[in-house]
Structures are given as C-alpha cells and as structure tokens.
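A.B. asks: for reference, the sequence and a predicted model appear below.
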Amino acid sequence: MSQHPFVPDDAPFTPEQRLWLNRAVAGPPVPVTVLYASQTGNAEGLAKKLVKDLKKGNFLPTMSDIAQYDAAKLPAEKHVLLIASTYGDGEPPDSAADFHKWLMAESAPSLAGVKYSVLALGDSSYPDFCQCGIDFDLRFEALGAERIYPRVDCDVEFDAEYKAWSQGIMSLLAPAGAVAAVPMALDQEEDGYSKNRPFPAPIIRQYNLNGKGSEKRTHHIEISLDGSGLSYQVGDALGVYPQNSAALVDELLRSARLSSATTTSALSPVR
C-alpha cells in the first residue's frame, strides 16, 4: 500500500515550514463543515477548538451556528461535523429548534453523499442523556448520509472524549495531511481562559441584600474581568472556583492541631 510522503519532525525546518510542506504533499485540502448547537456555550467552544485543530492539517474548515446555517446547503456538503448539546428533557438547544424540526420532517431532503459524525454533549444526571445529538446522528443516517466515525456521547467532563473524536476523524479524512494536525494535549495551555484555565477574578464589591436582623443571607457579588478578554452577559453560564485565604487555613489548622496533610476522611465528626 502506497504512503504519501511527509516531512518528519526531525527535518531541518521550522514548524511553520514543515506544516506548509506537509500540506503541499498531501494534495488539495479537505473541505469540512463544522456545525454547532449550543445552549450554554460548550458546543460552540468545542467547535471553535475543532476548527483551530483542523487548520493545523490539510483541511479547509468552515464553521456555523446551526441557527444561522442555511439548511438548503446541507445535501451538497462533503463532510459535516456536528457538535450538539441537549437541553431540558432531551430537547435541542433553542438555537437548534428550527433546524431540528426541519431535519425530522418527512419533507427533509436526501443526504446521500454527505459524510458526517456527531459529538453529543449532555448530562448523565438527566434521563434523556445526549438525546439531541442522538436524534441528529440517527436522522442523518436515515436520510442516507454516511457516518464516517461513531457518535461520541459526552458527559459534563468532555475533554478526553473530544480529543479522541477529533483525532479519529482527522486521521480518517486526511491521513496524509493529518501529520500536521495535532490537537492540543489536555494538559497544554489553551489560548485564553476556560474552565480548565480559569481567570483569577478579584471580588470588587459584595454586600448582603437582606435587611438588618434577617436570618437570610443573600449576597450581591461583583467580580472584575479586567485583563481577561472575557465578556459576561445575563444568562451566560458562570463557573466559580473559590480559593480560601491561605493565612486563614493555616490559623484553623493550628487551632485544630491538624497537619495540612490531613484529609477530611480522616477527621472524626463533631458531636
């Protein structure tokens, strides 16, 4: 079996030169359409990451929110990679409701000739886990599309599943050009901030919203995003990873005569 030539890592070229040369010998770039259906931003974030990874190899990716995608173009697509979240009781995200309804209708067109794969995001604590992604995957198949890589269903932690899915697809689509497409390792720093690289945001204002003498404590808290490049809009999902004061922790340990190496499972309950 013949193998396409490529420039090895130890060749006397810069990474940029090696990437260009590998693309040149791999032939024309492979067109890929990346669609995402996102509710809280996770699917959109992975779609952007996927496009960035594809651009490192012999691919020509385009990306679209499924809400803005012209569904009439779908039957003519060559390769479709769909990343879809599930919302509520197995429902599509708000942005994907119209596309979902169109695709499930009896009038949906044939997708023969379209090659596709689905990455489904969900939460296994809900009964209809990843249902939206499952719907898209099965419907594409029923309309004649060719599944080139098995659907991957992801729980709330999805980095490892995304990496395996994206690498598997790139190896199948452009094996000769995939030598230049190396998706980011999980422990490698990404550009910008994310849940894996949180921004250390200081609290700039906080006060109790309840009146004096109330047993309730509801706090208004403001944090600064200056220097982060992030913007937060009402309705966006926000993950908070608080840090305790090191001095306060040390004081509590001394008062309780505990070592910092003591785990909570080793402590006896207070009676």
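C.D. replies: Now that the structure is in, tell me what you want to look at. Predicted model, so just to flag it, every value in this text is computed and none were measured.
A.B. asks: what's in contact with the helix or strand where His100 lies?
C.D. replies: Using DSSP states H and E, His100 falls within helix 97-104. Helix 97-104 is touched from outside by 37, 66-67, 69, 71, 91-92, 108, 132, 135-136, 139-140, 143, with contacts defined as CB atoms under 8 Å, 6 or more residues apart in numbering. Where C-beta positions appear, they are placed from N, C-alpha and C, glycine not excepted.
A.B. asks: rerun at 6 Å
C.D. replies: Helix 97-104 has contacts (CB atoms under 6 Å, 6 or more residues apart in numbering) with 66, 71, 92, 139.
A.B. asks: where does the first one land on pLDDT?
C.D. replies: At Ile66, the model reports a pLDDT of 94.
A.B. asks: quick one, what contacts it?
C.D. replies: In this structure, Ile66 makes contact with 35, 37, 96, 99, judged by CB under 6 Å, 6+ apart.
A.B. asks: assign Phe140 to helix, strand or coil.
C.D. replies: Of the three states, Phe140 takes helix under DSSP: H, G, I helix; E, B strand; the rest coil.
A.B. asks: surely it touches Lys115?
C.D. replies: No - here Phe140 does not reach Lys115: they are 9.8 Å apart, not a contact under CB atoms under 6 Å.
A.B. asks: of these two, who's got more company?
C.D. replies: More neighbours sit around Phe140 than around the other of Phe140 and Lys115, counting by other CB atoms under 10 Å; the figures are 23 against 20.
A.B. asks: next up, phi/psi of the residue nearest to that one when sequence neighbours are not counted, please.
C.D. replies: Leaving out its chain neighbours, the residue that sits closest to Phe140 by CB to CB, 6 or more residues apart in numbering is Tyr116, at 5.2 Å. With angles defined as degrees, to the nearest 10, Tyr116 shows backbone torsions of phi -150, psi 170.
A.B. asks: what about Tyr116, neighbour count?
C.D. replies: Neighbour count of Tyr116, defined by other CB under 10 Å: 25.
A.B. asks: the residue positioned nearest the centre of the chain: what secondary structure?
C.D. replies: The chain has Leu46 as the residue nearest its centroid, 2.9 Å off, counting by CA atoms, centre = their mean. Per three-state DSSP, the local secondary structure of Leu46 is helix.
A.B. asks: again with the one 5 residues further on
C.D. replies: Following three-state DSSP, Val51 is assigned to helix.
A.B. asks: tell me, how many residues neighbour it?
C.D. replies: Counted with other CB under 10 Å, the burial measure for Val51 works out to 17 neighbours.
A.B. asks: quick one: contacts for Glu251?
C.D. replies: For Glu251, counting by CB under 6 Å, 6+ apart, there are no contacting residues.
A.B. asks: does it count as helix, strand or coil?
C.D. replies: Put simply, Glu251 is helix when judged by three-state DSSP.
A.B. asks: surely the residue nearest to Phe140 is in contact with Leu138?
C.D. replies: No - no contact is recorded between Tyr116 and Leu138 when judged using CB under 6 Å, the distance being 11.5 Å.
A.B. asks: for stretch 108-122, C-alpha coordinates in PDB please.
C.D. replies: Once non-C-alpha atoms are left out, stretch 108-122 reads as follows in PDB (Å, rounded to 0.1, in the frame of the first residue of the first chain):
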ATOM      1  CA  ALA A 108     -36.400  16.600   4.700                       C
ATOM      2  CA  PRO A 109     -34.100  16.000   1.700                       C
ATOM      3  CA  SER A 110     -31.900  13.000   1.000                       C
ATOM      4  CA  LEU A 111     -28.400  13.400   2.400                       C
ATOM      5  CA  ALA A 112     -26.800  10.700   0.200                       C
ATOM      6  CA  GLY A 113     -23.200  11.700  -0.500                       C
ATOM      7  CA  VAL A 114     -22.800  13.600   2.800                       C
ATOM      8  CA  LYS A 115     -20.300  12.200   5.200                       C
ATOM      9  CA  TYR A 116     -20.700  13.100   8.800                       C
ATOM     10  CA  SER A 117     -20.000  12.500  12.500                       C
ATOM     11  CA  VAL A 118     -21.700  13.800  15.700                       C
ATOM     12  CA  LEU A 119     -20.200  14.800  19.100                       C
ATOM     13  CA  ALA A 120     -23.100  14.900  21.500                       C
ATOM     14  CA  LEU A 121     -22.900  16.800  24.800                       C
ATOM     15  CA  GLY A 122     -25.200  16.100  27.700                       C
END
